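*Asks:* dropping a prediction and its sequence here:
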Amino acid sequence: MIGKSEIIFNEMSNIVGDGRARNDMFERRVYSHDLGSFPKLFDMMFNFKPDCIVKPESSDEISKIVKFASKERVAIIPRGGASWGMSGAIPIEGGIILDMTHMSNVLEIDGDNLIVTTEGGITWKDLYEKVEAKGYMIGSYPSSAPSATVAGWINTGGIGTGSYKYGGAGDNIRALEVVLPNGNIVNTGSKYTLQSGSGYDLNQIFVGAEGTLGVITKATLRIFPKDEFRPLSYLFPDLKTLSKAVQGLTRSDATPLNISFADNNHFGFLRELGHGDAPDGSMLNIALEGPEELIDYEEGVLDRITKGAKKESVELSMHEWDERSYELRAKRLGPSAILGEAFVPTTRMDEAIDHIYTLIKKMKLKAAITGMVPDRNSVVFMPYYLTDERKLIKSMVSLGFMGKLAGIGFKDGGRPSGLGLFFAYNLKKLHGGVAYGTMHDLKSSLDPCDIMNPGKLTEGQTRFGFPLPGAVLPLGMSVMKLVKGILPKDK
Ligand SMILES: Cc1cc2nc3c(=O)[nH]c(=O)nc-3n(C[C@H](O)[C@H](O)[C@H](O)COP(=O)(O)OP(=O)(O)OC[C@H]3O[C@@H](n4cnc5c(N)ncnc54)[C@H](O)[C@@H]3O)c2cc1C
């Protein structure tokens, strides 16, 4: 008898043809992971293996796939570069993974109207290089730009390089093309002008939706004239002294393109890897952009604010800028590394630093803190720890760090960023009960059969037909943290 996977595969092959649908076991295993790792225990609760992987090349193909999935109640999981690591791009009940990376064409760079229209599966690096070649620049993009896709970043509602001046993933969107859960193709927004006036802002409901409301196939984004650019790096004795400069900077009249930082541990790891010239201290990296007179003025402001720190050479500052997409260079020491994220108000940066270091110490992790300042009010900590997934128990209990980091976010007046599968229980805490209910209503009105990336953001069912009880995961994270603290220290 022909199985479910085979039926889906045959239907997908009819729609996309020429080998762009796959259901062999190797491929299904590869696509049951993203960048993150989760305890094997969860294999018992969810079916992470897709029935079929499809690489669509047009919105019409996706529309046909989604119409089939809607009729047959099969899950659709949109996937970009799979660099998010929150299990956002993997199934929980099998289904069809849409690997969007074949939809990577830039359709139009319109310098007169300062917009670019692109397919959603292009990486940010490919996009900004193409835009820069025409004399323009993209406002902001994730530091994972070499692998992160345009639609993937929009769906995580992220912040990134350039956010201090140009905002996050949602701030430069003019319009999107989205395939809805019923297969209809909708154009949101207004291509040439600001989205304002009457009407619901459909662009924004897809920002941070984690692929649960539709598949983004195209995006029209604002671009900007390319101007002068100057990276600057300042070395501080430690992260707490650096934090004082961040407070001063966010209260000054300078508006850099980008502000990021990395602590002493990060550079210590690089030295361990043989980068003998890696500095000894915590580094504040700032990128200035604009007319030369403005950059000169802002550099003066920065020099005053960072008085006492060591101002690094032009070459080293440029090197730090070139390294902006390689925060996990120390990964090889692990040989794996897991990256977490928590937002806190700028005014609570000091407390959060203390809390994160205390957690690292208690859990005996080999970890470093990197981060960004995406606007005047917020700091994003992106600490990472080194781990070895071959050491099953140790690597599993180390994951408790992620849950505890989310807790630090809440405790210090901020919040965790993404939810994905395992942090979906935080949705209510993040937004409050009424907003939580409204989001569920929105999801079920657009996707009544819950076919679009089920289980992410709004919680899903386990194999046993009931959701993970809300208290289980935080409790599990606390137990993992305790067990990790008992095990020998990571070397
Ligand atoms: C070293 C490193 C640095 C990072 N730096 C940053 C950073 O600066 N800022 C930041 O925000 N994040 C950062 N991240 C996290 C991650 O890279 C980003 O969230 C990235 O934008 C995800 O894009 P992706 O294409 O890999 O998405 P994926 O991981 O493939 O998917 C993410 C989510 O989007 C959904 N999705 C993907 N494509 C579509 C689509 N076409 N339509 C609908 N839904 C879709 C998926 O279902 C999933 O829920 C970093 C990660 C690493 C490892």
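*Replies:* Structure received.

*Asks:* in stretch 381-390, what's buried?
*Replies:* By 16 or more other C-beta atoms under 10 Å, the buried positions in stretch 381-390 come out as F381, M382, P383, Y384, Y385, L386, T387. (Glycine included, C-beta is placed from N, CA and C.)

*Asks:* how about stretch 47-62?
*Replies:* For stretch 47-62, a neighbour-count test (16+ other C-beta under 10 Å) marks 47-57, 59, 61-62 as buried.

*Asks:* quick one, strands of the stretch 51-200 of the chain?
*Replies:* 52-54, 76-79, 96-99, 106-110, 115-119, 136-138, 173-179, 185-187 (DSSP state E, counting those that start in this stretch).

*Asks:* next, format those strands as TSV and append distance to the ligand.
*Replies:* Listed next are those as TSV, based on distance: least, C-beta to the nearest ligand atom, whole Å:
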stretch	distance to the ligand
strand 52-54	13
strand 76-79	4
strand 96-99	7
strand 106-110	15
strand 115-119	9
strand 136-138	13
strand 173-179	8
strand 185-187	13
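
*Asks:* looking at the ones you listed, which is closest to N265?
*Replies:* The closest of these to N265 is strand 136-138. By C-beta to C-beta, the value is 31.1 Å.

*Asks:* what lines up beside the closest one in the sheet?
*Replies:* strand 215-225 (antiparallel) (DSSP bridges).

*Asks:* let's have the buried residues of stretch 381-390 in TSV, adding pLDDT and distance to M372.
*Replies:* Rendered in TSV, the data for the buried residues of stretch 381-390 read as follows (pLDDT from 0 to 100; distance: C-beta to C-beta, whole Å):
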residue	pLDDT	distance to M372
F381	97	9
M382	95	7
P383	96	12
Y384	94	14
Y385	94	18
L386	93	21
T387	90	23
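
*Asks:* looking at the residues you listed, which is nearest the ligand?
*Replies:* M382 (6.9 Å; C-beta to the nearest ligand atom).

*Asks:* which of the three states applies to the closest one?
*Replies:* Following DSSP: H, G, I helix; E, B strand; the rest coil, M382 is assigned to strand.

*Asks:* OK, contacts around it?
*Replies:* Going by C-beta atoms under 8 Å, 6 or more residues apart in numbering, M382 touches E327, L339, G340, E341, I369, T370, G371, M372.

*Asks:* would you say the last one is within a strand?
*Replies:* Yes: using three-state DSSP, the secondary structure at M372 is a strand.

*Asks:* how many residues are close by it?
*Replies:* 23 (other C-beta atoms under 10 Å).

*Asks:* and if you look at the fourth one?
*Replies:* For E341, the tally of surrounding residues (other C-beta under 10 Å) stands at 24.

*Asks:* before we move on, back to that, tell me the one of the buried residues of stretch 47-62 nearest the ligand?
*Replies:* I62 (8.9 Å).

*Asks:* just confirm that closest one contacts I96, I think it does.
*Replies:* No: shown here, I62 and I96 do not form a contact pair, counting by C-beta atoms under 8 Å, at 10.4 Å.

*Asks:* which positions in the stretch 1-150 of the chain make contact with the ligand?
*Replies:* 34-35, 77-84, 88-89, 100, 120, 142-144, 147-149 (C-beta under 6 Å from any ligand atom).

*Asks:* quick one: buried ones out of these?
*Replies:* For those, buried by 16+ other C-beta under 10 Å: 34-35, 77-84, 88-89, 100, 120, 142-144, 147-149.

*Asks:* I'd like the mean pLDDT over the strand or helix carrying E289, please.
*Replies:* Under the criterion of DSSP states H and E, E289 resides in strand 282-290. Mean per-residue pLDDT for strand 282-290: 98.

*Asks:* please apply the same query to stretch 69-89.
*Replies:* pLDDT averaged over stretch 69-89 gives 94.

*Asks:* now do it: distance from first to last residue.
*Replies:* End-to-end span of stretch 69-89 (C-alpha to C-alpha, to the nearest Å): 17 Å.

*Asks:* start at 847, not 1
*Replies:* Got it, the first residue is 847 from now on, which makes the last one we talked about stretch 915-935.

*Asks:* returning to what we had before: most widely separated two among the contacts of M1228?
*Replies:* It's G1186 and M1218 that sit farthest apart of the contacts of M1228, by C-beta to C-beta, at 13.5 Å.

*Asks:* if we can go back for a sec, just the ones in helices from the buried ones among the residues of the stretch 847-996 of the chain next to the ligand, please.
*Replies:* Among those, no member is found in helices (DSSP state H).

*Asks:* can I see the domain layout of the protein?
*Replies:* 850-947, 949-1071, 1074-1262 (automatic domain parsing).

*Asks:* sorry, back to before: reformat the strands of the stretch 897-1046 of the chain as CSV; add distance to T1284.
*Replies:* Formatted as CSV, the strands of the stretch 897-1046 of the chain follow (distance: least, C-beta to C-beta, whole Å):
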stretch, distance to T1284
strand 898-900, 32
strand 922-925, 23
strand 942-945, 27
strand 952-956, 34
strand 961-965, 31
strand 982-984, 32
strand 1019-1025, 20
strand 1031-1033, 20
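
*Asks:* mind checking these for the one nearest to M1129?
*Replies:* Per C-beta to C-beta, nearest to M1129 of the strands of the stretch 897-1046 of the chain: strand 982-984, 24.0 Å.

*Asks:* and that closest one, how far from the chain's centre?
*Replies:* Distance of strand 982-984 from the chain centroid (C-alpha atoms, centre = their mean, to the nearest Å) equals 21 Å.

*Asks:* average pLDDT across it?
*Replies:* What strand 982-984 shows for mean pLDDT is 97.

*Asks:* likewise for stretch 1158-1177?
*Replies:* Mean predicted confidence for stretch 1158-1177 is 93.

*Asks:* also stretch 1266-1281?
*Replies:* Stretch 1266-1281 comes out at a mean pLDDT of 87.

*Asks:* the ligand contacts on the stretch 1197-1337 of the chain?
*Replies:* Going by C-beta under 6 Å from any ligand atom, the residues of the stretch 1197-1337 of the chain near the ligand are N1299, K1302.

*Asks:* for the residue in the stretch 1197-1337 of the chain positioned nearest to the ligand, which non-adjacent residue is closest in space?
*Replies:* Closest to the ligand within the stretch 1197-1337 of the chain is N1299: 5.0 Å, counting by C-beta to the nearest ligand atom. Excluding its sequence neighbours, the residue lying closest to N1299 (C-beta to C-beta, 6 or more residues apart in numbering) is G1057, at 4.1 Å.
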